[in-house]
Each structure stands twice: as structure tokens, then as C-alpha cells.
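>>> Predicted coordinates and the sequence they were generated for:
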Amino acid sequence: MRGLLLSLESLLGQAARVLAVVGAILREIFDESAYARFLERNEVESSREAYVSFLRESEALRARRARCC
């Protein structure tokens, strides 16, 4: 019985780590992590104005990237 509990705990720990990674991936895909870095870098709190600034900066960075083909 103890071995079963240890296996279950191990499985739950692994599942939690997988969910944490999936969550981090989704935050990157949907720019939540980039926005958090923007707020930290500019030392501002989240607000409508801060998000507009973030969007403008992001668009400017995307426009400067070299495009293939």
C-alpha cells in the first residue's frame, strides 16, 4: 500500500510539473509573459495605458524584423 501511495505522489508531482510547463508555454504564446516583462522593465503597473504602450512597442519590434521571402 505504501508503494502505491509513493507512486501516486510521484505521478501527481510529474503531472504538476507538466501542467506548469504547459501554462508557461501558453503564457508565451499569448504574450502574457512578454507583457509581464514589459511591466517589470518599465517599472509600471498593469493598466490600459501600459497595455497600449506594450502593444505599440511589440508592433514596432515586429515591423523591424527582417522578413524572409
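Thanks, I have the structure now. Numbers count the residues shown, from 1 in each chain.
>>> Quick one: residues contacting residue 26.
By CB atoms under 8 Å, 6 or more residues apart in numbering, the contact set of residue 26 is residue 32. Placement of C-beta: from N, CA and C, glycine included.
>>> Let me fix that, I meant to ask about residue 33.
So residue 33 contacts 24, 27 (CB under 8 Å, 6+ apart).
>>> roughly how far apart are it and residue 11?
To residue 11, residue 33 is 28 Å away according to CB to CB, to the nearest Å.
>>> Likewise for residue 3?
13 Å.
>>> what does residue 56 give?
Relative to residue 11, and taking CB to CB, residue 56 is found at 46 Å.
>>> Pick out the residue closest to the middle of the protein.
Closest to where the C-alpha atoms of the chain average out (CA atoms, centre = their mean) is residue 27, at 2.9 Å.
>>> Leaving out chain neighbours, which residue sits closest to that residue?
With sequence-adjacent residues excluded and distances taken as CB to CB, 6 or more residues apart in numbering, residue 27 is closest to residue 33, at 4.5 Å.
>>> Run the chain-centre distance for the strand or helix carrying that neighbour.
In this structure, residue 33 sits in helix 32-42 according to DSSP states H and E. Remark: helix 32-42 is offset 10 Å from the chain centroid, using CA atoms, centre = their mean, to the nearest Å.
>>> Give the rounded mean pLDDT of it.
The predicted model assigns helix 32-42 a mean pLDDT of 97.
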